[in-house]
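Asker: build me a model from this:
(one chain, ligands or ions: 1)
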Amino acid sequence: MRKDAIFIGVEVDDAAAADAELAAKLEEVCPVDIFAVSAKGSVEIVEENLDECILCYQCVETAPDGTVRVIKLYEQPA
Ligand code: SF4
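Answerer: Numbering: from 1, shown residues only. Below is the predicted model of the structure:
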């Protein structure tokens, strides 16, 4: 599952996205509410909040290795 805004994309592996416990944890750790728990208990990415991402990587640290990725869609200034 991948959602992109203008500056930030967030990707969650399908197996991890289906994990209700992980969904609840991600909802709790992200300071700008990019993750929510869907009605099915899976991870939902709140698209309209994506560009609020502060690149704290709490989501990446909370999830099992490699299952959540935060992708910068813009070039770093030189
Ligand atoms: S890096 Fe931080 S602000 Fe961005 S999605 Fe992950 S927890 Fe939220």
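
Asker: any low-confidence regions in this protein?
Answerer: For the chain, applying pLDDT under 70 flags the ranges 75-78.

Asker: center of it - which residue?
Answerer: Val10 (4.8 Å; CA atoms, centre = their mean).

Asker: part of a strand, is that residue?
Answerer: Yes. When classified by DSSP: H, G, I helix; E, B strand; the rest coil, Val10 is found to be part of a strand.

Asker: from the ligand, how far out is it?
Answerer: For Val10, the distance to the ligand (CB to the nearest ligand atom, to the nearest Å) stands at 6 Å. Where you see a C-beta, it was placed from the backbone N, CA and C, and this is true even at glycine.

Asker: for that residue, list the residues it contacts.
Answerer: Residues in contact with Val10 (CB atoms under 8 Å, 6 or more residues apart in numbering) are 2-3, 34, 45, 50, 53, 59, 68-71.

Asker: show me which of the residues you listed neighbour the ligand.
Answerer: Among the contacts of Val10, the ones lying near the ligand by CB under 6 Å from any ligand atom are 34, 53, 59, 70.

Asker: helices along this protein, start to end?
Answerer: Using DSSP state H, the helices of the chain run over residues 14-17, 20-29, 58-62.

Asker: show residues contacting the shortest one.
Answerer: Think helix 14-17. Residues contacting helix 14-17 (CB under 8 Å, 6+ apart): 1, 22-23, 42-43, 63-64, 67-68.

Asker: of those residues, which belong to strands?
Answerer: 43, 68 (DSSP state E).

Asker: among the contacts of helix 14-17, the buried ones, what's the ChimeraX command?
Answerer: Entered in ChimeraX, the line below selects the buried ones among the contacts of helix 14-17, by 16 or more other CB atoms under 10 Å:
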select :22,23,42,43,63,67,68
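
Asker: specify which member of the contacts of helix 14-17 is nearest to Val29.
Answerer: Distance to Val29, by CB to CB, is smallest for Ala63 among the contacts of helix 14-17, at 9.4 Å.

Asker: and that closest one, how close does it get to Tyr57?
Answerer: Separation of Ala63 from Tyr57 (CB to CB, to the nearest Å): 10 Å.

Asker: before I go, just wanted to say thanks for your time.
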